[in-house]
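[1] give the three-dimensional model of this entry:
(one chain, ligands or ions: 2)
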Amino acid sequence: MNATTNMQKNQLRGPIEGLIGNSEAMQDVYELTRLAARSSASVLLLGETGTGKELIASALHRLSDRASGPFVRVNCGALTESLLDSELFGHVKGSFTDAIRDRTGRFEAAHGGTIFLDEINSTSSTLQVKLLRVLQEREFERVGDTRTIQVDVRVVAASNCDLSKEVAEGNFREDLFWRLNVLPVYLPPLRRRGRDIELLVRHFLKVYAQSNDRQIDDIEPEALAALLAYSWPGNVRELQNYIERATVLCQGNRLIPDLLPDAVIGDSKAAQTAVFRPTDDQALIREFVYNRLSKAEEEDQDLHKQIVEPVEKELLQQILQNCNQTQTKAATRLGINRNTLYKKMVEYGLAKTKASSETTS
Ligand SMILES: Nc1ncnc2c1ncn2[C@@H]1O[C@H](COP(=O)(O)OP(=O)(O)O)[C@@H](O)[C@H]1O
Ligand SMILES: [Mg+2]
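    Numbering: from 1, shown residues only. Ligands and ions are numbered 1, 2, ... in the order given. Below you'll find the predicted structure:
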C-alpha cells in the first residue's frame, strides 16, 4: 500500500517532456502540474519572467483530456484595452471603425481546449469584469453584439507580479483573483534551483551546438562556476540567450569564461572572495542585501553598518556558541585576533560581565 503510493508520488514528480530540471522545487511544480491537468479548474501560474510559465501552461494542456483540442495563448500585456477586448471576445462588423467584418475571438477559438491568458495582471478593470463572467458562466457576447456565446474552455492565467499584492493595492479585482487562483502554481526563480542551472546549461549547449553545426561538447570549470554563481534576474530565458551567444562565438570545442557576458563573470569574481561559496548562499546574501537596501531611506548614510553589522553579529554569535563561548577558539576559527573579537563582542553586546567570563581564554 505504502509502496504503491510512493511509486505514484514518484511518477507524479518525474520529468515533464520539454522541461529541464530535477530540483525539489521543480519536482513540486511537476507534481502540481500533473494533478492540475486532471481537472478543468482554473490554474494561476506565478513566477518571475523567464521561469517557464508558458511551458507549464502548454504542458497543462498536453497532459489534460483536452489535449486534442486547441491551445490558445493571448498576451494580455501586449494589447490596448479595446484591441484585447475584441481579440478575446471577437466583434461584429461595424462595431467600431476598423471592424470591417465579423471576427471570432480567442475564447471561441479555444472551445474544447485551453486558453492561456499571459500577463493577466495587465488587464483593465472593465476587462476584468468580462473575464469574471466568462469564468463564472462560461459565456460572453462579441463586441457590438447581443447574442450570447457559450464556450467550454479551460483557463490558465499567468502573472509575473504578486497578484495578491495587486488585489491589496486595488489594481486587480478580488473576485476575479479568487476565480483564477483555484490552483496556484509557483515557478521558482532560477537562482533558487541550484543544480538545475548546470543541467540547463548543458541542455542548451547541446541544442545550440547542434543547430549551429558546432562541435562543442564541454564547458571549462571556471565558466561553469561563473554560471552557477550568477543571480539570473531573467531566469531561464536569460540563460538560454547567453548559451546561444556563447555557442555562436565559440571557436574551440569548449565553452570558456571569455564567451560569457561581463555581468556573469563579474559576479563570479565577487563570489570567489566572499565567505560563502555555494550558489544558494550567494543568492541568500544578494537577497538579504537587496531587501535591506529596498527598506533604506534615500538619505541613509550608514548602509554599511545597517547591512554588514547584523551579519557579523550573527556570525560571531553562532561561532561563539559552537566554541562553547571560548574566545580563543572562536577567534582562531574566525581567523581574527582575540582582542579584535572581544572588541566586537562588546560593540554588539555579546560580551559577558567580568564575573561570568572565566571561559575567556
Ligand atoms: N525548465 C525549463 N526547461 C527548458 N527550457 C525552459 C525551462 N523554463 C523555461 N525555459 C525556456 O525559457 C524561455 C522562457 O520560458 P517561458 O515559459 O516563456 O517563461 P515565462 O512565461 O515565465 O516568461 C523559453 O524559451 C522556454 O523554452
Ligand atoms: Mg512569458
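[2] could you tell me which residues of the protein lie near ligand 1?
    Listed as neighbours of ligand 1 in the chain under the rule C-beta under 6 Å from any ligand atom: 19-21, 47, 49-55, 236-237, 240. Bear in mind the C-beta positions are built from the backbone N, C-alpha and C, glycine included.
[3] farthest pair in those residues?
    Pairwise distances across those peak at 17.8 Å for I20 and T49 (criterion: C-beta to C-beta).
[4] list the buried residues of stretch 14-34.
    16, 19-23, 25-27, 29-34 (16 or more other C-beta atoms under 10 Å).
[5] tell me which of those residues is nearest to E309?
    Nearest member of these to E309, counting by C-beta to C-beta, is A25, at 31.7 Å.
[6] could you find the closest non-adjacent residue to that closest one?
    P188 (4.2 Å; C-beta to C-beta, 6 or more residues apart in numbering).
[7] tell me the helix or strand right after the host helix or strand of E312.
    Assigned by DSSP states H and E, E312 belongs to helix 303-322. Downstream of helix 303-322, the first helix or strand assigned by DSSP H and E is helix 327-334.
[8] now that next one against helix 303-322, angle please.
    If you take axes from the mean of the first three to the mean of the last three C-alpha atoms, to 10 degrees, helix 327-334 sits at 120 degrees to helix 303-322.
[9] would you mind pulling the contact partners of helix 327-334?
    With C-beta atoms under 8 Å, 6 or more residues apart in numbering as the test, helix 327-334 has contacts from 315-316, 319-320, 322-323, 337-338, 340-342, 345, 359-361.
[10] then that helix to CSV, C-alphas only?
    The C-alpha coordinates for helix 327-334 follow below in CSV (Å, rounded to 0.1, in the frame of the first residue of the first chain):
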residue,chain,number,x,y,z
GLN,A,327,37.0,33.3,22.8
THR,A,328,40.5,32.0,21.8
LYS,A,329,38.9,29.1,19.9
ALA,A,330,36.3,31.3,18.3
ALA,A,331,38.9,33.9,17.3
THR,A,332,41.0,31.1,15.6
ARG,A,333,38.0,29.8,13.7
LEU,A,334,37.1,33.2,12.6
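[11] related to what we said a few turns ago, neighbours of the residue nearest to A25, how many?
    Using other C-beta atoms under 10 Å, P188 has 20 other residues around it.
[12] ok and the residue in the stretch 101-250 of the chain nearest ligand 1?
    V236 (3.5 Å; C-beta to the nearest ligand atom).
[13] got it, and the stretch 51-200 of the chain?
    Closest approach between the stretch 51-200 of the chain and ligand 1, counting by C-beta to the nearest ligand atom: G52, at 2.9 Å.
[14] great, nothing more from me.
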